[in-house]
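Chemist: Provide a 3D model corresponding to the input given below.
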Amino acid sequence: MDNILTIAIKTKLTSMRRKEGFEGQRAILLPAAAIAELSTHRLTATLYTTDIGFYPAATGHYRERSKGCMQNILIYCTEGKGWFQAENIHYSIEKNHFFVIPAHMPHRYGAHHEQPWTIYWLHFGGECAGHFFGNRPFKGELINSEFNRTDDRLQLFEQLYSNLESGFNPENMEYSTTALWHLLGSFRYTVPFSRIRTKEQGDVIEKSIQLMQNTLRDDVTLNELAAAAKLSVSHYSLIFKRKTGYSPLDYLIHLRIRRACHLLDFTNMKINEIARNTGYHDPFYFSRVFTKIMGISPLYYRRKLKG
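Modeler: Residues are numbered from 1 along each chain as shown. All right, here's what the predicted structure looks like:
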């Protein structure tokens, strides 16, 4: 494995061989006058952006600041690899990692020489800027799952970038601060941020359970349940089990047996009729499933005293 000195040398040499610039890159650096206005305005002095950008597959990307940066730096890696060093500690960066370097702290960072990172980055200042991640280098990892809301986080970045791109008038600058609070919060408070999506998906599962209850006597497949929820089978199965503790089909079986218990308790229907009313065409198979779930046969369940 390459040590930090080797990586730095390779990256620096790569930078020397080519003019820096990455196909598809974007960057905005606010003029000094705009930053001065932000730092004194009562709505923006607490937190504001000074630089923001996106570098895709940033071969040769390398920065070294012996006296640090005037602002805090956040870099979010969405593809590839890189590294950073601060306080004489080396950190490896991969996909879904991000890091924050406090203002005025000496540091250096760069893309991996073989698998260069794709990064979203920004510099931010203000009275509250140092409170988000503290005064030490901060490295975070966003769990790679459907709950981490990657698309929503990148949309926040795009809102911030597009707003600044459209001009530095007071309204744009003030709105950019509100967007920055939300964007930084999505990195600092990952669990509350992810709960929003989890709740949305929980609502989907509640609707799916209602669909099961309304179609207990029908032949319902996993594919049909997933399609009704507008999710892939794998995604649907995963969030359903997280919500209920059961796979969708196991949950459906339990709903059917619960319904069968109700019919056994409060009607005079025959066993084969109850089987058909709960989605089982074969009464013998129904009896086996019922016995497996309840521990006793349907006939014995009906005879058993309750209450």
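
Chemist: which parts of stretch 215-233 are buried?
Modeler: Along stretch 215-233, these residues count as buried under the neighbour rule (16 or more other Cβ atoms under 10 Å): 215-216, 220, 225-226, 228-229, 231. For glycine as for every other residue, the C-beta is placed from the backbone atoms N, C-alpha and C.

Chemist: okay, now the unreliable bits of the chain?
Modeler: 1-21, 144-148, 194-202, 305-307 (pLDDT under 70).

Chemist: mind listing the strands for it?
Modeler: 26-29, 48-55, 62-65, 72-79, 82-86, 89-93, 97-101, 107-111, 118-125, 138-141 (DSSP state E).

Chemist: what's the closest of those strands to A179?
Modeler: Across the strands of the chain, A179 has its closest neighbour in strand 48-55 (8.6 Å, Cβ to Cβ).

Chemist: what residues does that closest one touch?
Modeler: For strand 48-55, the surrounding residues in contact (Cβ atoms under 8 Å, 6 or more residues apart in numbering) are 22, 24-30, 35, 38-39, 61, 70-71, 117-126, 157, 160-161, 164, 173, 176-177, 180.

Chemist: repeat that with 6 Å
Modeler: 22, 25-30, 35, 38, 71, 119-126, 161, 176-177, 180 (Cβ atoms under 6 Å, 6 or more residues apart in numbering).

Chemist: burial of L255, as a residue count?
Modeler: Residues within reach of L255, counting by other Cβ atoms under 10 Å, total 17.

Chemist: my guess is it meets M212, correct?
Modeler: Yes. L255 lies in contact with M212 (Cβ atoms under 6 Å); the separation is 5.5 Å.

Chemist: okay, the strands of the chain in CSV with mean neighbour count and distance to S237 next?
Modeler: Shown next, in CSV, are these (neighbours: other Cβ atoms under 10 Å; distance: least, Cβ to Cβ, whole Å):
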stretch, mean neighbour count, distance to S237
strand 26-29, 13, 38
strand 48-55, 22, 35
strand 62-65, 16, 44
strand 72-79, 22, 27
strand 82-86, 22, 35
strand 89-93, 16, 32
strand 97-101, 24, 28
strand 107-111, 23, 37
strand 118-125, 22, 31
strand 138-141, 16, 25
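
Chemist: and of the ones you listed, who's closest to Y189?
Modeler: The nearest among the strands of the chain, by Cβ to Cβ, is strand 138-141 at 11.0 Å.

Chemist: describe which strands that closest one pairs with in its sheet and in which direction.
Modeler: strand 97-101 (antiparallel) (DSSP bridges).

Chemist: CA-only coordinates of the partner strand, as CSV, when you get a sec.
Modeler: C-alpha atoms of strand 97-101 as CSV (Å, rounded to 0.1, in the frame of the first residue of the first chain):
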residue,chain,number,x,y,z
HIS,A,97,-17.1,9.3,2.8
PHE,A,98,-16.9,13.0,3.6
PHE,A,99,-14.5,15.1,5.6
VAL,A,100,-14.4,18.6,7.1
ILE,A,101,-11.2,20.6,7.8
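
Chemist: contacts for that strand?
Modeler: 73-77, 84, 86, 107, 133, 137-141, 187.

Chemist: and the two most separated of those residues?
Modeler: Largest pairwise distance in the contacts of strand 97-101, by Cβ to Cβ, is 19.2 Å, between H107 and E141.

Chemist: buried set for stretch 234-246?
Modeler: Quick answer for stretch 234-246 (16+ other Cβ under 10 Å): 236-240, 243.

Chemist: all set, thanks.
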